[in-house]
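Trainee: got a predicted structure here, sequence first:
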Amino acid sequence: MGGAVENSDVDSETALLVGAATADKIPSDPFNLTYITYFFLGVGCLLPWNIFITAVDYFSYIYPETRVDRIFAVANLLVALIGLVFVVLYSHKSVARVRINVGMVIFTVALLLVPVLDLSYIRGRVGLYNGFHVTVGSIVLCGAGDALVQGSVVGCAGELPERYMQAAVSGFGAAGVLVAVMRIVTKAIYPQDAHGLRQSANLYFAVGICIMILCIVLYNLAAMLPVVKHFESIKNQEKEEHGGRLFGSMDKSTLWDIINRVKIYATGLVLINVVTLSIFPGFITEDVHSEIFKDWYSTLLITGYNVFDLIGKYLSSVYVIENPKTAFSGCIGRLVFYPLFLGCLHGPEFLRSEVPVIVLTYLLGLTNGYLTAVNLILAPKAVAFEYAEKTGVILVLFSFSGLAIGSVVAWFWVI
């Protein structure tokens, strides 16, 4: 372990020297095309998952005897978590571009299955639970896509200047906002009955498929952009300097050294995601109700959460907490949401009204967005350049660990 740390220290110093030497040579980003590309990559990472959970009105109507969002969360996250373990162990034997392309194609197929299932089998009938099993299979596919795409995108962004990581995490937040707006629009343009619900869901998934195809096209065009080519050239130079040793390869000591260097950020991501997913979306969509907003309540809460999550991620482009201990304290502080949301279920009457639930949901989104962005921006810069991509995958693995734990904790609201 001692040798690994020493080697990593040397590599980190080399990376800093390379960065300093090339900082003034980084090409301009004409029309912000690289920034826009990484923004859409961030959108593509989370779009499928957000599409499924925001269509809870449709799935809950078709499958009324199921805890839709909670089952979706467990199925998606366990598969993603297992897949990410394999990506961490074997990513040096594959190419990020291939992983991202394959993962996005898997996303597209998963989204396509829902309207095809509705048109060919469900046809608006309620309680056909064989269809629910196929839908859960689509969620499993999304989990596999998450394992391939999200860690690779964070890793690739970690090799670039910080603004491109900020673009990617802003895309994560924008995915939720975009999906919520899509759901509101597609829901509003059709009659508010069973047939209209079915039509709106099919249109909603069709729009999502088109956006995923756009993300695939943009990503494959990104290789021609000056900024991407510049840092790819740096990577190739470092590969040559490593000679016969496989660039970015990791033995156990190196892996543990990387984890040790980013452990405060990784632990922060775990805490953020445990708190968030144990409350959102299950609590928001299934446990609180409104006589005023009726079945629009969950849609409005999800939309507000996603808007404030995006605002939080955008704030990271204005100010980033540089002190990791301060950022970590913020992650711990979010535990206060548990007693507050518990009060919204079982507390005094004023806490159980719409206003406290809405305010707390929006604050949950704001803090989730900002603290996630801070941890993802700072962590890849704590390791040598050659391990930036691997670090991104490791961070996403910890993130999904938190999400998986949170998806289990979410069931305690039911108990």
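Mentor: Sure, I can see it. Owing to the predicted nature of the structure, the values given are computational and were not obtained by experimental measurement.

Trainee: packing partners of the helix or strand V102 falls within?
Mentor: Using DSSP states H and E, V102 sits in helix 96-117. Where contact means 3 or more CB pairs under 8 Å, 6 or more residues apart in numbering; DSSP states H and E, helix 96-117 is packed against helix 33-54, helix 129-158, helix 194-221. Where you see a C-beta, it was placed from the backbone N, CA and C, and this is true even at glycine.

Trainee: what comes up buried for that helix?
Mentor: Neighbour counts over helix 96-117 (16 or more other CB atoms under 10 Å) mark 96, 99-104, 106-115, 117 as buried.

Trainee: again with stretch 331-346
Mentor: C331, R334, F337, L340, F341, C344.

Trainee: let me know the closest of these to L310.
Mentor: Closest approach between these and L310, by CB to CB: R334, at 17.7 Å.

Trainee: contacting residues for the spatially closest residue to that closest one that is not a sequence neighbour?
Mentor: Spatial nearest neighbour of R334, excluding adjacent residues (CB to CB, 6 or more residues apart in numbering): V275 at 4.7 Å. For V275, the contact set (CB atoms under 8 Å, 6 or more residues apart in numbering) comprises R334, L335, F337, Y338, L364, G406.

Trainee: with K25 instead?
Mentor: So K25 contacts H230 (CB under 8 Å, 6+ apart).

Trainee: begin at 434, not 1, for the rest of this chat.
Mentor: Understood, numbering begins at 434; the last thing we discussed is K458.

Trainee: and it, how far from P659?
Mentor: 11 Å (CB to CB, to the nearest Å).

Trainee: can you state the direction angle for the helix holding V535 and helix 627-654?
Mentor: 160 degrees (axes from the mean of the first three to the mean of the last three CA atoms, to 10 degrees).

Trainee: what's next to helix 529-550, contact-wise?
Mentor: Helix 529-550 is contacted from outside by 474, 477, 480-481, 484, 488, 520, 524, 564, 567-568, 570-572, 574-575, 577-582, 585-586, 588-589, 634-635, 638-639, 641-642, 645-646, 648-649, 652-653, 656, 822, using CB under 8 Å, 6+ apart.

Trainee: kindly recompute the last result at 7 Å.
Mentor: Applying CB atoms under 7 Å, 6 or more residues apart in numbering, the contact partners of helix 529-550 are 477, 481, 484, 564, 567-568, 571, 574-575, 577-578, 581-582, 585-586, 588-589, 635, 638-639, 641-642, 645-646, 648-649, 652, 822.

Trainee: list buried members of these by neighbour count.
Mentor: Buried among those (16+ other CB under 10 Å): 477, 481, 484, 564, 567-568, 571, 574-575, 577-578, 581-582, 585-586, 588-589, 635, 638, 641-642, 645, 648-649, 652, 822.

Trainee: could you pull out the helices in the stretch 734-848 of the chain for me?
Mentor: 757-766, 770-779, 787-811, 821-842 (DSSP state H, counting those that start in this stretch).

Trainee: got the angle between the second one and helix 821-842?
Mentor: Here helix 770-779 points in a direction 30 degrees away from that of helix 821-842 (the same axes, to 10 degrees).

Trainee: ok, back up a step: now the helix holding V535: mean pLDDT?
Mentor: For helix 529-550, mean pLDDT rounds to 95.

Trainee: check the offset of that helix from the chain's centre.
Mentor: 15 Å (CA atoms, centre = their mean, to the nearest Å).

Trainee: and for stretch 775-792?
Mentor: 28 Å.

Trainee: what residues sit buried inside that stretch?
Mentor: C777, L784, E787, P789, V790, I791.

Trainee: now do the buried residues in stretch 731-745.
Mentor: Those would be 731-745, for stretch 731-745 by 16+ other CB under 10 Å.

Trainee: which members of those occur in strands, if any?
Mentor: In strands, defined here by DSSP state E, there are no members of these.

Trainee: between those residues, which sits nearest N669?
Mentor: L743 (35.2 Å).

Trainee: tell me how far that closest one lies from I533.
Mentor: 22 Å.

Trainee: excluding its backbone neighbours, what's nearest I810?
Mentor: Distance criterion CB to CB, 6+ apart; nearest residue to I810, sequence neighbours excluded, is M598 at 5.0 Å.

Trainee: and the one you found, what helix or strand is that in?
Mentor: Going by DSSP H and E, M598 is part of helix 595-621.

Trainee: packing partners for that helix?
Mentor: Judged by 3 or more CB pairs under 7 Å, 6 or more residues apart in numbering; DSSP states H and E, the packing partners of helix 595-621 are helix 466-487, helix 562-591, helix 627-654, helix 730-748, helix 787-811.

Trainee: for A580, which non-adjacent residue is closest in space?
Mentor: The shortest distance from A580 to any non-neighbouring residue, by CB to CB, 6+ apart, is to G516 (2.6 Å).

Trainee: where does pLDDT dip in this structure?
Mentor: Within the chain, the ranges that satisfy pLDDT under 70 run 434-457, 672-684, 718-720, 846-848.

Trainee: middle-most residue in it, spatially?
Mentor: L479 (4.8 Å; CA atoms, centre = their mean).

Trainee: relative to N635, how far out is C764?
Mentor: Counting by CB to CB - C764 and N635 are separated by 39 Å.

Trainee: picking up where we left off before, next, format the helices of the stretch 734-848 of the chain as JSON lines and append distance to R503.
Mentor: What follows is these, written out as JSON lines (distance: least, CB to CB, whole Å):
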{"stretch": "helix 757-766", "distance to R503": "24"}
{"stretch": "helix 770-779", "distance to R503": "15"}
{"stretch": "helix 787-811", "distance to R503": "17"}
{"stretch": "helix 821-842", "distance to R503": "7"}
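
Trainee: and V614, which of these is closest to it?
Mentor: Short answer: helix 787-811, nearest of the helices of the stretch 734-848 of the chain by CB to CB, at 14.9 Å.
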